[in-house]
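> A structural model of the following input is requested.
(one chain, ligands or ions: 1)
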Amino acid sequence: TLFGPSSDVEEFSKVLQSSRRVLALCGAGLSAASGLDTFRGAGGMWRNHQATTLATPDAFRADPGLVWLFYSYRRHRALQARPNAGHVALVKLAERMPDFITLTQNVDGLSQRANHPREQLKLLHGTLFDIKCFNSSCNYVEQDNYNDPYHPILAIHSAEDDRLAAAKKAADSSTPDRIANMESATTSQTPEGTTRIDPADLPHCPKCKTGLLRPGVVWFGEGLPADTLSEIDEWMDRGKVDLIMVIGTTATVWPAAGYVEDARARGARVCVVNMDSAELGAAGQLQTGDFLFEGDASKILPELVK
Ligand code: BJW
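Okay, here's the model as predicted:
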């Protein structure tokens with residue numbers, strides 16, 4: 001076609017080879033081939049909850065045990081997963097291109113485990129493996145905690161979620177999950193039949209002693225890590241951007257999605273790699289000179305970065 005984005009791998013390779021300053025904006029679709037769920041669309045549900053409704057300070061305030069179980073499950077799944085060929089392709093690009101950076105919205109640690117050069121990897125939404133204090137006036141942070149579960153009270157998650165997975169497999173999809181719970185002094189039944197954890201039994205901050213500990217991710221309404229944002233701004237302001245690759249993200253969450261237009265305003269072509277190009281927030285308006293590769297990022301990125 002004469003107009004609109006190209007899907008020509010060879011043409012993309014030429015553009016990439018003549019590029020000096022490139023960035024990748026990544027989302028959950030990058031880790032989908034590693035077996036991790038996305039947030040929206042199919043795979044965006046955990047138990048009976050929309051994943052995004054649990055990613056808020058209000059959800060944590062209302063039922064910290066529920067939110068912790070969600071994140072405990074996510075930590076467990078992420079630790080069991082392996083980086084895929086898409087993560088590895090970005091590492092290769094970073095190694096051979098000193099002015100390439102990856103901005104990832106993912107909290108799963110898979111880019112780090114694929115050995116992405118750390119100074120070229122910006123974690124926009126934190127990581128599941130940092131633990132911090134929920135008390136906003138306390139600055140306690142514990143980094144790189146890979147305990148699974150993080151705390152013994154969360155061990156019930158594996159039993160419950162494993163049973164849920166089995167029930168899901170066995171039951172027809174319209175049947176509500178009914179789970180028999182372990183009885184203990186600290187748990188009680190919710191209407192959904194899942195375990196409620198008494199907040200008093202959840203891990204508390206060793207520093208301020210009063211705040212609950214929470215995963216070190218960025219929830220809706222919370223600011224992104226200020227040092228990371230200024231590092232990105234500094235990189236952006238250094239000059240023309242040649243290319244932005246928008247990989248496995250709906251690009252609907254701000255301010256992350258804003259980097260697509262920021263890069264474009266600095267002259268960048270946009271290259272979208274996504275399983276489904278139908279709903280692409282900030283990256284939806286592709287033009288002639290841009291690229292669109294529809295499919296699995298773990299298959300496409302190794303082709304693009306060869
Ligand atoms: C594949 C594939 C395969 C599948 N291969 N592709 C401006 C305008 C409007 C609203 C706002 C605005 N500014 C701020 C807001 C509010 C809000 C926001 O953006 N709301 C929108 C929903 C409208 N933003 C915020 O609240 C942010 N904070 C903020 O602005 O603070 C202001 C402030 C400043 C100073 C002080 C105080 C406050 C914070 C946003 C944080 C979002 N956090 C989450 C949870 C993180 C923790 C966790 O992991 O649980 O981040 S939400 C969730 O969405 C998660 C993700 O990183 C993020 C993006 O999702 P992603 O990665 O794009 O996943 P999906 O599922 O949407 O898409 C997957 C894609 O992959 C799909 O396209 C598939 O097709 C594709 N795919 N398989 C290739 N194999």
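> Please make it C-alpha for all contacts and neighbour counts, starting now.
Fine.
> Surely residue 85 and residue 300 touch.
No: applying CA atoms under 8 Å, one finds residue 85 not in contact with residue 300, separated by 9.1 Å.
> For the stretch 151-300 of the chain, what lies in contact range of the ligand?
With CA under 6 Å from any ligand atom as the criterion, the stretch 151-300 of the chain comes near the ligand at residues 217-223, 248-255, 273-276, 295-297.
> Mind checking which of these are in helices?
When DSSP state H is applied, those are split such that residue 297 fall in helices.
> Now the buried members of the residues of the stretch 151-300 of the chain next to the ligand.
217-220, 248-251, 273-275, 296-297 (16 or more other CA atoms under 10 Å).
> Say whether the ligand is contacted by the longest strand along the chain.
Ranked by number of residues, the top strand in the chain under DSSP state E is strand 126-133. No: in terms of CA under 6 Å from any ligand atom, no part of strand 126-133 sits within range of the ligand; the closest distance is 7.4 Å.
> other SSEs contacting the helix or strand following that strand?
Going down the chain from strand 126-133, the next helix or strand is strand 141-142, by DSSP states H and E. Strand 141-142 sits against strand 126-133, with contacts defined as 3 or more CA pairs under 8 Å, 6 or more residues apart in numbering; DSSP states H and E.
> Strand partners (parallel or antiparallel) of the strand it packs on?
In the sheet containing strand 126-133, its partner strands are strand 141-142 (antiparallel), strand 213-217 (antiparallel), by DSSP bridges.
> can you tell me the average pLDDT over stretch 104-114?
The average pLDDT for stretch 104-114 rounds to 98.
> Could you list the residues in contact with it?
If you take CA atoms under 8 Å, 6 or more residues apart in numbering as the criterion, stretch 104-114 is touched by 24-28, 31, 74-75, 78, 82-83, 87-88, 91, 118, 121-129, 217, 256.
> try 6 Å
Residues from elsewhere that reach stretch 104-114 (CA atoms under 6 Å, 6 or more residues apart in numbering): 25-28, 78, 83, 87-88, 123-128.
> Is that stretch in proximity to the ligand?
Yes: using CA under 6 Å from any ligand atom, stretch 104-114 reaches the ligand at 105, 106, 107.
> And that stretch, end to end?
For stretch 104-114, the separation between the terminal residues is 13 Å (CA to CA, to the nearest Å).
> How about the secondary structure of residue 83?
Following DSSP: H, G, I helix; E, B strand; the rest coil, we place residue 83 in the coil state.
> Tell me the backbone dihedrals of it, please.
When read as degrees, to the nearest 10, the backbone of residue 83 gives phi -60, psi 150.
> Run through the helices of the stretch 151-300 of the chain in chain order.
Taking DSSP state H, counting those that start in this stretch, the helices of the stretch 151-300 of the chain run over residues 156-170, 226-237, 258-265, 297-305.
> Out of these, which is the most enclosed?
Most buried of these by mean neighbour count (mean count of other CA atoms under 10 Å) is helix 297-305; its value is a mean of 19.
> Counting by contacts, list what it packs against.
helix 85-96 (3 or more CA pairs under 6 Å, 6 or more residues apart in numbering; DSSP states H and E).
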